[in-house]
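J.: The following block contains a protein sequence and its predicted model.
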Amino acid sequence: MVKKKSFPFLFSAVSGAAASYYGSAFLAGKGMALSSLVFPALILLLVPFSLFLSFSVVPQGSSAGKRFCRNGSIHTLAFTAGFLAGFSAFLSIPGVPSLGLSPERIRGISGILTDDPRLSTGNRGFGYLELERSAGERGLRVSARGKIPVMFPLEHLDRLKEFGKGSRIYAEGSFGESNEGRPFFRAESLHVIKAAPPHEKMRTGIRLALVELFSAGGKKWGGLALALLLGIRDNLETEFAVLYRNAGASHVLALSGMHLALVSAMISFLLRKPLGLRAAAVSGLFFIGAYVFLIGDLPSLHRAAIMYALGTAAVLGYLPRKPLTLLALSFLIQIAVQSESGQSLSFMLSYLALWGILIPGEGFHKLLRGIIPEKLLSPLAASVGAFIATAPLSCLFFGILRPAGIVTGLLIVPLTCLFMIGAMIYIPLSLFPLPASFLAGFLSFFYDLLYRLAALAGSFPAMKLPNPVPALILSLVMTFIILFCARRRASDGENLPAFAEL
């Protein structure tokens, strides 16, 4: 069992994996031939260098020199291993689909629906098909493989939702290209060839039952409940989502660690007393696994689930109880098992936000401990840390920053969490009409309150920064200043009394 040991080399491995994975993605946009030469050459340099450090001759009596060489070789080998893992993960990402025919000749495609169909922009349905066959004119059929996005008329959406993920679909239409130059299939009609497997049918049935529960009776708050509990945003008012985005709180609507933390907290609350901490943590894994299966493929939620599993191992004593170590392990596991998820914006934002909470956010907390009340300081530090870490990525993808989100999140996030807890309680309580009606009134009140708060927060001006480089430099500088000042305060031996004791 691991009690007090840590694994600092993990961070070198993560650095290597992230550098090669995202470096490959960047160079792939410039031409894959370049990355295929650069990375193997760099690896060939790193391995001999790490071996040289391991076996280099250090003057006798120089314990510091020996320690430097030993640590240097370990970190270099870890970086090299991570570099190789990241490069391998990038190469394992599915490439351009093999259609079997030229796109202009294809009149239909068939395959397995790999995710839950949903409403997309332009008032059309959207989903992904794992290709099996392509069809041309005069009954021509050829084998095809790969995953392709499919846009289809809105009138087919309800029927596809009913059959759900795992169904075999035949779509008639033609190919097109997105603004980024990626191919997609524009379906004119859809046909369900074969129903989904039994376990997918059960999953779809549960999701449809919950959609019906929160949609029945014209509940204006039902769309928000479905977005927070199941990640279904089709029933959420567009204006509400826009207000959350303008308030810098759109991440609250995307299922991630916060949502899984609420689910796991309720499970722990129910199981900890009768089973104890360890048994409750292990039992919680089954509930978390079932919840993730119900939600579907969301990289940010998978990150939270992996960290929960690693946290359970830490509770059992097999890993150190250090969130940063668990975050590093989670990144390496997920990038190896779900290599394609690393290109998802939710994946990158999820890891960066948690890194920001654990590094600059924790430094900010230590710096102002005793000056600001703890109940206010903890969420403020987390909000500041997440904003600092994700600012460059926000500029890169959206060209805009909303600093007001640091403050507005202090109200919107906890109120949204309370709303989500109420929505979870409403599910079993719906069997009892009178208390369910009483709770529905509170949820309606919370919905209106969140709407007004988001509208107020969205009225604050945003910063337009289309170039992410200044945001990256500013984030690094702010992180360094926060950590430096926090360390200076600790080294000076400051021991300010807590705010509550003043």
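T.: Ah, there it is.

J.: if I read this right, Asp116 contacts Glu162, doesn't it?
T.: No. Distance between Asp116 and Glu162: 11.4 Å, which falls outside the contact criterion (Cβ atoms under 8 Å). Just so you know, the C-beta spots here come from the backbone N, C-alpha and C atoms, and that holds for glycine as well.

J.: More neighbours: these two, which one.
T.: Neighbour count, other Cβ atoms under 10 Å: between Asp116 and Glu162, Asp116 has more, with 21 against 14.

J.: So that one versus Lys165, what's the distance?
T.: 5 Å (Cβ to Cβ, to the nearest Å).

J.: who touches Gly342 in this structure?
T.: 21-22, 89-90, 299, 334-335, 348 (Cβ atoms under 8 Å, 6 or more residues apart in numbering).

J.: Any of the residues you listed buried? List them.
T.: The neighbour-count test (16 or more other Cβ atoms under 10 Å) applied to the contacts of Gly342 identifies 21, 89-90, 299, 334-335, 348 as buried.

J.: Tell me which of these fall in helices.
T.: 21, 89-90, 299, 334-335, 348 (DSSP state H).

J.: Can you check which residues contact both of Asp116 and Lys165?
T.: Gly296.

J.: Quick one: the strands in the chain, in order.
T.: In the chain, the segments counted as strands under DSSP state E are 108-113, 118-120, 124-135, 141-143, 147-152, 168-177, 183-194, 400-401, 463-464.

J.: Point out where the stretch 351-500 of the chain drops to low pLDDT.
T.: 492-500 (pLDDT under 70).

J.: Please repeat the previous calculation with a cut-off of 80.
T.: For the stretch 351-500 of the chain, the stretches flagged by pLDDT under 80 are 404-405, 408-409, 458, 490-500.

J.: Am I right that Pro379 is in contact with Ile412?
T.: No. Assessed by Cβ under 8 Å, Pro379 is found out of contact with Ile412, at 10.8 Å.

J.: Pick out whichever of these two has more residues nearby.
T.: Ile412 (22 against 14).

J.: what's the burial count for the residue nearest to the more buried one when sequence neighbours are not counted?
T.: Nearest non-adjacent residue to Ile412, counting by Cβ to Cβ, 6 or more residues apart in numbering: Ala249, 4.7 Å away. Ala249 has 24 neighbours, counted by other Cβ under 10 Å.

J.: Need phi/psi at Ala249.
T.: Backbone torsions of Ala249, given as degrees, to the nearest 10, read phi -120, psi 20.

J.: For it, list the residues it contacts.
T.: Contact analysis of Ala249 by Cβ under 8 Å, 6+ apart lists 405, 408-409, 412-413, 416, 454, 457.

J.: now the residues you listed in CSV, with distance to Arg488?
T.: Output for the contacts of Ala249, formatted as CSV (distance: Cβ to Cβ, whole Å):
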residue, distance to Arg488
Gly405, 29
Thr408, 31
Gly409, 28
Ile412, 33
Val413, 30
Thr416, 36
Ala454, 38
Ala457, 34
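
J.: any idea which of these is closest to Ile206?
T.: Distance to Ile206 across the contacts of Ala249 (Cβ to Cβ) is lowest for Thr416, with 23.3 Å.

J.: my guess is that closest one contacts Leu228, does it?
T.: Yes. Shown here, Thr416 and Leu228 form a contact pair, counting by Cβ under 8 Å, at 7.1 Å.

J.: re earlier: which one among the contacts of Ala249 gets closest to Leu319?
T.: Val413 (28.3 Å).

J.: Just give the nearest non-adjacent residue to that closest one, would you?
T.: Val252 (6.0 Å).

J.: list the buried ones in stretch 285-301?
T.: So, applying 16+ other Cβ under 10 Å, buried residues of stretch 285-301: 285, 287-288, 291-292, 294-301.

J.: Turn the residues you listed into CSV, columns for distance to Pro320.
T.: Formatted as CSV, those follow (distance: Cβ to Cβ, whole Å):
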residue, distance to Pro320
Leu285, 19
Phe287, 25
Ile288, 21
Tyr291, 26
Val292, 25
Leu294, 31
Ile295, 29
Gly296, 32
Asp297, 30
Leu298, 28
Pro299, 25
Ser300, 24
Leu301, 24
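
J.: Which two among those residues are spaced furthest apart?
T.: Phe287 and Pro299 (20.5 Å).

J.: coming back round to it: with Gly405 as the reference, measure out to the residue nearest to Ile412.
T.: 6 Å.

J.: go on, Gly218?
T.: The value you get for Gly218 to Gly405, if Cβ to Cβ is used, is 31 Å.
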